[in-house]
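*Asks:* starting from these lines, generate the structure:
(chains A and B)
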2 protein chains.
Amino acid sequence: MFTDEEKEAVYKVIFTRRDVRSFLPDPVPQSAVDRILEAAHHGPSVGFMQPWNFILIDDDHIKEQLAWAADKERRALAIHYENDDRSEKFLDLKIEGLKEAPLTICVTCDPSRGGSHVLGRNSIPETDMMSTACAIQNMWLASCAEGLAMGWVSFYKKADVRDILGIPPHIDPVALLSIGWTDVYPKAPILETEKWRKRERLKELIFHNKWAALGSI
Amino acid sequence: MFTDEEKEAVYKVIFTRRDVRSFLPDPVPQSAVDRILEAAHHGPSVGFMQPWNFILIDDDHIKEQLAWAADKERRALAIHYENDDRSEKFLDLKIEGLKEAPLTICVTCDPSRGGSHVLGRNSIPETDMMSTACAIQNMWLASCAEGLAMGWVSFYKKADVRDILGIPPHIDPVALLSIGWTDVYPKAPILETEKWRKRERLKELIFHNKWAALGSI
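*Replies:* Okay, here's the model as predicted:
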């Protein structure tokens, strides 16, 4: 059971967690990294398959290669915005802090773990990635509770990241997580502050018994 | 910033959260449901696309139809285990409590939300589902902190759930979440207790700078 104070702490971390792109160079204590990884490993997983691995990256040369892969992808995406009125805004956004952050964690998903017929994944195969995402959310909340900032970078081609980190072809590098200290922990999502996109009204996302039927229980 | 007590509460909920399949009939208070949905909506999302919708299901007839879809899928999966030594164990497992739980929430993912070039999703399209999974993990942790049990059912064909709930073809019903009170909140994952699958050793899942290179930072 949870006391009112514990319950409040859980909601506090859920509401204050932010995706961060700016980091200080100070190292992250190993003990905090251990707790964050333990939190990840206690994420739920379909059929208890635990499809995740974690590559801890603190080597500057490798970080530079990852930053190169992300920047190349950013420039490629910029081309898709060239006839869009958000083009300039896109180019102004700081979308990753891979070189700044003292630690990057590449989280992978192994779809072959647990054999051919993983309980529950047989019906919805992408539940392996969704399990990995739940583990990442645990890491995010744990980092926030530790006072650490985390950013999830998804601007890259998986093949580049496989090449750089020596990841086998059947393993999916689903996330590059930057972790470190920051002096600017955002109060609101950066993309909301930068007026890239608004928060949806929750009420309009909730239906009752049927799709598009409004109402509460 | 988080106090030591708040930090402990965050880890407590991460470590005690379980996937539950047995529920009491008592209703879930609307205020708790509201907080759980608010927690979901404060999940991270790629390009702030917030691709989720939530269908709250408390109608007995609809719950029966969902339970039928899940049971049909369970029986179909049992066939895949027929030459497997886990076959009897599979048939003994209680894999869903859709009819028992007072509330089911169908969480959907709309890949079209946010337009054609969602920031970050352009590179890794499945980040929409992963965002939805992060929202689900927030719901799970919030439920646990509320003293409520939650179970994620992924035994169904999406087409069946679309038919039952009137969900448009381009929207993905990625999860059926059972929520309610329970008198048996499990201390360990049910599939671990039932000796279906063991917990992996975390140390063996962590690499340093390169895939399969052991060591810490």
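*Asks:* so where do the strands sit in chain A?
*Replies:* Per DSSP state E, chain A carries strands over the ranges A:52-57, A:103-109, A:149-153, A:172-180, A:206-208.
*Asks:* mean pLDDT, distance to chain B and mean neighbour count added to these, as a markdown table?
*Replies:* For every residue, glycine as well, the C-beta is placed using N, CA and C. As requested, the strands of chain A are arranged in a markdown table below (pLDDT from 0 to 100; distance: least, CB to the nearest CB, whole Å; neighbours: other CB atoms under 10 Å in any protein chain shown):
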| stretch | mean pLDDT | distance to chain B | mean neighbour count |
| --- | --- | --- | --- |
| strand A:52-57 | 98 | 5 | 24 |
| strand A:103-109 | 98 | 6 | 24 |
| strand A:149-153 | 97 | 7 | 27 |
| strand A:172-180 | 98 | 7 | 24 |
| strand A:206-208 | 97 | 5 | 20 |
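*Asks:* gap between stretch A:89-103 and the chain center?
*Replies:* 14 Å (CA atoms, centre = their mean, to the nearest Å).
*Asks:* how long is it end to end?
*Replies:* 28 Å (CA to CA, to the nearest Å).
*Asks:* need the strands of chain A in a markdown table with distance to residue B:119, can you?
*Replies:* What follows is those, written out as a markdown table (distance: least, CB to CB, whole Å):
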| stretch | distance to residue B:119 |
| --- | --- |
| strand A:52-57 | 23 |
| strand A:103-109 | 20 |
| strand A:149-153 | 11 |
| strand A:172-180 | 15 |
| strand A:206-208 | 25 |
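*Asks:* now do the closest residue in space to residue A:73 that isn't next to it in sequence against residue A:212, distance only.
*Replies:* Leaving aside its sequence neighbours, residue A:73 sits nearest to residue A:155 (CB to CB, 6 or more residues apart in numbering or on different chains; 4.5 Å). The gap separating residue A:155 from residue A:212 is 34 Å, by CB to CB, to the nearest Å.
*Asks:* the more surrounded of those two?
*Replies:* Using other CB atoms under 10 Å in any protein chain shown, the more surrounded residue of residue A:155 and residue A:212 is residue A:155, with 23 against 12.
*Asks:* which ones are touching residue A:86?
*Replies:* Residue A:86 makes contacts with residue A:196, as judged by CB atoms under 8 Å, 6 or more residues apart in numbering or on different chains.
*Asks:* mind checking how far the spatially closest residue to residue A:64 that is not a sequence neighbour is from chain B?
*Replies:* Using CB to CB, 6+ apart and skipping the chain neighbours, the partner closest in space to residue A:64 is residue A:99 (6.4 Å). Taking CB to the nearest CB, to the nearest Å as the measure, residue A:99 falls 15 Å from chain B.
*Asks:* which strands and helices sit next to the helix-or-strand element of chain A with minimal mean pLDDT?
*Replies:* The least trusted helix or strand in chain A, going by mean pLDDT, DSSP states H and E, turns out to be helix A:87-92, with a mean of 81. Packing partners of helix A:87-92 (3 or more CB pairs under 8 Å, 6 or more residues apart in numbering or on different chains; DSSP states H and E): helix A:60-80.
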